[in-house]
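Peer 1: I'll drop the sequence and a predicted model, then ask my questions.
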Amino acid sequence: AQSVTQLGSHVSVSEGALVLLRCNYSSSVPPYLFWYVQYPNQGLQLLLKYTSAATLVKGINGFEAEFKKSETSFHLTKPSAHMSDAAEYFCAVSGRNTPLVFGKGTRLSVIA
Amino acid sequence: GAVVSQHPSWVICKSGTSVKIECRSLDFQATTMFWYRQFPKQSLMLMATSNEGSKATYEQGVEKDKFLINHASLTLSTLTVTSAHPEDSSFYICSASRDGRYNEQFFGPGTRLTVL
């Protein structure tokens, strides 16, 4: 079985500040890990994914995430927040042949 | 590449009517399509997985007769909400995979269904 826990349903940062969105996973098989972003009334856009290659994964829009097996974590970071980053972010886990399981999401607000 | 569209983007219907939502892969062939449901301010829940030319596989707790899924071609899957009721109001999102891999899905923009 697989599950994802996103710590913090809402995170607020100032424009230009570091963004850190936390994700911990549980998986009985080698995991594939994902971060998606969702803007209001829109579908999901893939930010980045980990598929057992490099543990530090760089994605779009300046985001990156580090896979830490010892901590079962896959936190998403961005050095400097922009107003356009305000959205809902979902962490998800899957196995090689198992469905995506999503976390409950974290809403990111960016304050000018 | 890998664009998925949904139609309509939003729909309002009366209770008791049926609504069909289309999911299309525009620039690739999708052997597998997935349907998700998202309640307000909540996460996505997988409803069913459909493979082209075969019956959909529904997740536990999803009513097959309520949510009819058809995947008749490699570029089109449809979700029909039959005899819709207000509790079926939700945001429905589809995704498509070229080769059936769960970890290689491309998501559509979603369809907002409101049942009055």
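Peer 2: Done, it's in.
Peer 1: any idea which element the most centrally placed residue in chain B lies in?
Peer 2: Nearest to the geometric centre of chain B sits B:W35, at 3.6 Å (CA atoms, centre = their mean). According to DSSP states H and E, B:W35 maps onto strand B:32-38.
Peer 1: quick one: the closest residue to the residue nearest to the centre of chain B other than its chain neighbours from B:Q38, how far?
Peer 2: Leaving aside its sequence neighbours, B:W35 sits nearest to B:M47 (CB to CB, 6 or more residues apart in numbering or on different chains; 4.6 Å). Glycine gets a C-beta too; all of them are placed from N, C-alpha and C. B:M47 sits 10 Å away from B:Q38, going by CB to CB, to the nearest Å.
Peer 1: and if you look at B:K20?
Peer 2: Taking CB to CB, one finds B:K20 at 19 Å from B:Q38.
Peer 1: more neighbours, those two?
Peer 2: Higher neighbour count among B:K20 and B:Q38: B:Q38, with 21 against 14, using other CB atoms under 10 Å in any protein chain shown.
Peer 1: how about the contacts made by that one?
Peer 2: B:44-45, B:90-93, B:110 (CB atoms under 8 Å, 6 or more residues apart in numbering or on different chains).
Peer 1: so which of these is the most crowded?
Peer 2: B:L44 (27 neighbours).
Peer 1: can you pull the contacts of it?
Peer 2: A:44, A:90, A:102, B:36-38, B:93.
Peer 1: can you pick out the most distant pair from those?
Peer 2: Greatest spatial distance among the contacts of B:L44 (CB to CB): A:F90 and B:R37, at 14.3 Å.
Peer 1: so which of those two has more stuff around it?
Peer 2: A:F90 (25 against 20).
Peer 1: tell me the SS of that one?
Peer 2: strand (DSSP: H, G, I helix; E, B strand; the rest coil).
Peer 1: shouldn't it be in contact with A:L44?
Peer 2: Yes: in this structure A:F90 lies within contact range of A:L44 using CB atoms under 8 Å: 6.8 Å.
Peer 1: now do the shared contacts for the two.
Peer 2: With CB under 8 Å, 6+ apart, A:F90 and A:L44 have common neighbours A:36-38, B:44.
Peer 1: show me which of these is closest to A:L48.
Peer 2: Closest approach to A:L48 among the shared contacts of A:F90 and A:L44 (CB to CB): A:Y36, at 9.3 Å.
Peer 1: bridged to the residue nearest to the closest one when sequence neighbours are not counted, which residues?
Peer 2: With CB to CB, 6+ apart as the criterion, A:Y36 has its nearest non-adjacent residue at 4.1 Å, and that residue is A:L44. As for beta bridges, A:L44 partners with A:Q38 under DSSP bridges.
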